[in-house]
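Visitor: curious how this folds, go ahead:
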Amino acid sequence: MAERFEHLRAALGQVQGYIYPNEIELHWGLLVVLYPYITGLVAGAFILASLAKVFRVKEVEPTYRLALLTALAFLLVAPLPLLAHLGHPERSFEIFLTPHFKSAMAMFGFVYAWYLMVVLLLEIWFEYRADLVRWSEREHGVRRILHWLLSLGSRSLAPEAVAFDKKAVHVITLVGIPSAFLLHGYVGFIFGSVKANPWWSSVLMPIVFLFSAIVSGIAMVLLLYYLTTLLRRRELDMKCLDKLASFLLYALIFSRLFMSLTIVQILIGTIGPLLLLAAGRFSSLPAELKRVSYFIAALLVQVGIFSTRWNVVIGGQLFSKSLRGLTAYKLELGGIEGLFTAIALLVLPFVILFVLLKVLPPWPEARERPELATPGSAAGEGVEAGEDAAEDAPLGA
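Guide: Predicted structure coming up:
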């Protein structure tokens, strides 16, 4: 009991003005900040992938498969912050057994399942099916068995089968675009529907969340494309980087993220990336400086978008409903709602993505020679030998 009173006294010491008694402690903490941030990365990465397949933007095709795998890796982690915050993850399956259709939060389980199984997994499977067959015929050991299993028994490489795969990818991407808007727009709807909080109650909240999701997703794929290409010792496609930078610049301008109230968002997360992207895109800087400016801008965008989520979730709770006072939020290091847990949840998608890149390499050279698919492959190995091996490999099963 003494510890509770001590904690209450410390919290009251940071209160400014007049607040209601139930506003001393914030109910939503860092884990709830992570949730819209991660789902925004999923939606943004998928929308970027759709540019290549639906809108035929040829310049971003080198990032198509990488964007899909990035969306899948982050989607697998997306519900974990909420499950950890609620405290009883073992009960999460009950939303499917006893659905409550009038609850936006409860319906997220169905939106998540739809997006994971019907959109992402299906599109990735149709996109990789022919390559899975070829890899299982060329490789040996565990990778051969794994790729054979992932092909799900569909072994045909006939032109009709490959053409059907491409049509299926196109149709699923068309369905996936509104699904991506639904996945992240509903998060903004949850905040915007809380009429008791003037900081959240706005019909524009879903739109703000969607635009910021596009910004963060494009920036994350740009970062990953830059780093993975360097790790593979390959030449960066400047046309692809320029197009990604253009989309990122346009999304920043039209997302209205300038209106945030914090220095981090305005200077670091918005103005800094705008200047770097504009300088790299519309100036005559050397290619190396352009690459670095795009990379730094993408990093700063991630800081800005995360601060946006922080200001919405945490900042919205700091303002008292009395409109005459402010409370405070104390971030703990340990515990389920602590900083270390949040860092672990942020690192986990990259671990999953690393495994996905090993199992389903998205690189063009992986279709020609499987041994070139790993990031540590030497730069000096040519592609011609891979093409010869591809021609000698059997085409049917």
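Visitor: surely L285 meets A279?
Guide: Yes. Counting by C-beta atoms under 8 Å, L285 touches A279, with 6.7 Å between them. C-beta coordinates here come from the backbone N, C-alpha and C atoms, glycine included.
Visitor: overlap in contacts, these two.
Guide: Residues touching both L285 and A279 by C-beta atoms under 8 Å, 6 or more residues apart in numbering: S293.
Visitor: the closest residue to L299 other than its chain neighbours: which element?
Guide: Residue nearest to L299 in three dimensions, not counting chain neighbours: L223, with 6.6 Å by C-beta to C-beta, 6 or more residues apart in numbering. L223 belongs to helix 205-231 when assigned by DSSP states H and E.
Visitor: packing partners of that helix?
Guide: helix 30-53, helix 64-77, helix 159-192, helix 238-254, helix 287-318 (3 or more C-beta pairs under 8 Å, 6 or more residues apart in numbering; DSSP states H and E).
Visitor: can you rerun that using 10 Å?
Guide: For helix 205-231, the packing partners by 3 or more C-beta pairs under 10 Å, 6 or more residues apart in numbering; DSSP states H and E come out as helix 30-53, helix 64-77, helix 159-192, helix 238-254, helix 287-318, helix 339-359.
Visitor: what distance separates the start and the end of stretch 75-92?
Guide: Start-to-end span of stretch 75-92 (C-alpha to C-alpha, to the nearest Å) is 16 Å.
Visitor: and the helix holding L223, average pLDDT?
Guide: Across helix 205-231, pLDDT averages out at 88.
Visitor: pull out the buried positions in that helix.
Guide: 205-206, 208-226, 228-229 (16 or more other C-beta atoms under 10 Å).
Visitor: neighbours of T308, how many?
Guide: The number of residues packed around T308, counting by other C-beta atoms under 10 Å, is 28.
Visitor: and what of E337?
Guide: Neighbours of E337 using other C-beta under 10 Å come to 18.
Visitor: for it, helix, strand, or coil?
Guide: When classified by DSSP: H, G, I helix; E, B strand; the rest coil, E337 comes out as coil.
Visitor: next one: L26
Guide: Criterion first, three-state DSSP; result for L26: coil.
Visitor: pretty sure it is touching W310, no?
Guide: No. With contact defined as C-beta atoms under 10 Å, L26 and W310 do not form a contacting pair (11.9 Å).
Visitor: got any residues that touch both of these two?
Guide: Common contacts of L26 and W310, defined by C-beta atoms under 10 Å, 6 or more residues apart in numbering, comprise Y329.
Visitor: what pLDDT is listed against K167?
Guide: 94.
Visitor: hang on, it packs against F126?
Guide: Yes. Counting by C-beta under 10 Å, K167 does reach F126; the two are 8.9 Å apart.
Visitor: for the two, work out which one has more neighbours and name it.
Guide: Remark: of K167 and F126, F126 carries more neighbours, 19 against 10, as counted by other C-beta under 10 Å.
Visitor: possible to save the helices and strands packed on helix 205-231 as CSV with distance to I271?
Guide: CSV is the format used below for these (distance: least, C-beta to C-beta, whole Å):
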stretch, distance to I271
helix 30-53, 21
helix 64-77, 26
helix 159-192, 24
helix 238-254, 10
helix 287-318, 9
helix 339-359, 25
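Visitor: what about S284, which SS state?
Guide: Applying three-state DSSP: S284 is coil.
Visitor: for the helix or strand hosting S136, what is the average pLDDT?
Guide: According to DSSP H and E, S136 maps onto helix 122-138. Helix 122-138 carries an average pLDDT of 93.
Visitor: that one packs against which elements?
Guide: helix 30-53, helix 64-77, helix 141-150, helix 159-192, helix 339-359, helix 384-392.
Visitor: looking at those, which is nearest to L121?
Guide: helix 64-77 (7.4 Å; C-beta to C-beta).
Visitor: right, and the helix or strand after the closest one?
Guide: Immediately after helix 64-77, counting by DSSP H and E, sits helix 80-86.
Visitor: relative to the whole chain's centre, how far out is that next one?
Guide: Its chain's C-alpha centre and that of helix 80-86 lie 18 Å apart, by C-alpha atoms, centre = their mean, to the nearest Å.
Visitor: next: stretch 98-114.
Guide: With C-alpha atoms, centre = their mean, you get 21 Å for stretch 98-114.
Visitor: can we start the residue count at 144 from this point?
Guide: Yes, from this point I'll number from 144; that puts the last item at stretch 241-257.
Visitor: what does it contact?
Guide: By C-beta under 10 Å, 6+ apart, stretch 241-257 touches 178, 182, 185, 218, 221-222, 225, 229, 235-239, 263, 318, 322, 325-327, 329-330, 332-333, 336.
Visitor: list the buried residues of it.
Guide: Under 16+ other C-beta under 10 Å, the buried positions of stretch 241-257 are F251, G252, V254, Y255.
Visitor: what's the separation between the second one and W291?
Guide: As judged by C-beta to C-beta, to the nearest Å, G252 and W291 stand 32 Å apart.
Visitor: quick check: nearest residue in space to the residue nearest the centre of the chain, chain neighbours excluded?
Guide: Nearest to the geometric centre of the chain sits L184, at 2.3 Å (C-alpha atoms, centre = their mean). If the residues on either side of it in the chain are set aside, L184 comes closest to F217, at 4.8 Å by C-beta to C-beta, 6+ apart.
Visitor: and L347, by the same measure?
Guide: G335 (7.5 Å).
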